[in-house]
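Visitor: just coords:
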């Protein structure tokens, strides 16, 4: 059997097809990377979902001095274009799980806790930095010339107030829009509840923010109340007021930012999935029965007319496609894959790296066929989004795209399935 070559630069002959190995079912299990890069010259490193701009992939790592850095690499060669190390919080988690949502043109905004950074991804220069007076933000989203997030402002260093803010992407200056109306039932470790990142969208000329949040009832007995609300940012008024998602108290908070499809927002509180009317807050459908061990906590996203969901935690490995308007399962694969922290799509293929077994998985989005169960090169460690990210990048003209996957040692670039 041919040995996989761990290359330190791009294959010089771009017409040379990478070595591939398949199992007896035709599933790709090994492939020569187009290039690899030593992302972690030091130890540790911040968690930042990579971004892509104008031929460069920006991903986190650490340098030989032990500093957390962002490296911009040429997507074709793996050569470093620039490196940035101005003010990352060591080991911080910036914009986890999401991509494309906080970058516009050459401006990339990312945040950890109360620290915000805006970076010029062409030059690698800092545009602005801000430290807000509070606890943490819930994930930046850029829409138009504004960035939006929910930030937990602090009152007398004791109580957090989750508040929707909107800021200028060029300067970072922001304004408070509306505070999340949490029920003040149980005060627990600085907070009465928590909010997921908002889904901000524009419709009929107005900007709306759909928000999902959890209020404490009794965290010692795993009881919380889950609500949604919508705010018209343009008009400065409530679109629909705070609405209870489920009559029962539940435990786990919302797993991520709501996903929008036409008139439906798909949310995932406490191991259940709901379709919510984005204009009224009414529950359109509900999915449960995923188990009580967290197996119903998903990482999910919209691709074309499907919600593709992969379990994030729990003992049941599940990959499934759903109809966002009805919640109906279109296809699912149980017992393999799973444990994804971000999901990616390219040319009708779903890609993700599994925290469970450290493999990269690829599924056909139409019928759920498993295409990849890819292991890293020998001695390369385990694939894991938390080590420095995962990303797929489209190819040019008739070329296949590329898959960027990172282990605790290296970043690898692979030829995509399509």
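Guide: Arrived safely. For clarity, every value in this text was computed on a predicted model and none was experimentally measured. Numbers count the residues shown, from 1 in each chain.
Visitor: can you count the residues close to the closest residue to residue 263 other than its chain neighbours?
Guide: Computed as CB to CB, 6 or more residues apart in numbering, the closest residue to residue 263 that is not its neighbour in sequence is residue 278, at 5.7 Å. C-beta here means a position set from N, CA and C on the backbone, and glycine is covered the same way. Number of residues near residue 278 (other CB atoms under 10 Å) recorded here: 24.
Visitor: residue 278 touches residue 259, doesn't it?
Guide: No: using CB atoms under 8 Å, residue 278 is not in contact with residue 259; the gap is 10.8 Å.
Visitor: joint contacts of the two?
Guide: By CB atoms under 8 Å, 6 or more residues apart in numbering, residue 278 and residue 259 have these common neighbours: residue 265.
Visitor: OK, contacts around the spatially most central residue of the chain?
Guide: Note on the chain: the residue nearest the mean C-alpha position is residue 97, at 1.7 Å, using CA atoms, centre = their mean. Counting by CB under 8 Å, 6+ apart, residue 97 touches 49, 256, 299, 341-342.
Visitor: sec struct for it, please.
Guide: Counting by DSSP: H, G, I helix; E, B strand; the rest coil, the backbone at residue 97 sits in coil.
Visitor: please report how far it lies from residue 340.
Guide: Look at residue 97 and residue 340: by CB to CB, to the nearest Å, they are 9 Å apart.
Visitor: between those two, which contacts overlap?
Guide: Contact with both residue 97 and residue 340 is made by residues residue 299, according to CB under 8 Å, 6+ apart.
Visitor: ok so, going back, give me the subset of the contacts of residue 97 lying in helices.
Guide: Among the contacts of residue 97, no residue falls in helices (DSSP state H).
Visitor: filter these to the buried ones?
Guide: 49, 256, 299, 341-342 (16 or more other CB atoms under 10 Å).
Visitor: okay, these in JSON lines with distance to residue 133 next?
Guide: Output for these, formatted as JSON lines (distance: CB to CB, whole Å):
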{"residue": "49", "distance to residue 133": "26"}
{"residue": "256", "distance to residue 133": "26"}
{"residue": "299", "distance to residue 133": "31"}
{"residue": "341", "distance to residue 133": "30"}
{"residue": "342", "distance to residue 133": "30"}
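Visitor: quick one: low-confidence ranges for the stretch 251-400 of the chain?
Guide: Applying pLDDT under 70 to the stretch 251-400 of the chain picks out residues 379-380, 384-388.
Visitor: what's the single longest strand in this structure?
Guide: What stands out as the longest strand in the chain, according to DSSP state E, is strand 206-218.
Visitor: after it, which helix or strand is next?
Guide: Following strand 206-218 in sequence order, the next helix or strand is strand 223-232 (DSSP states H and E).
Visitor: and that following strand, what's buried?
Guide: Neighbour counts over strand 223-232 (16+ other CB under 10 Å) mark 224-232 as buried.
Visitor: partners of the next helix or strand after it in the sheet?
Guide: Downstream of strand 223-232, the next assigned helix or strand under DSSP H and E is strand 237-244. Pairing partners of strand 237-244, with direction, according to DSSP bridges: strand 223-232 (antiparallel).
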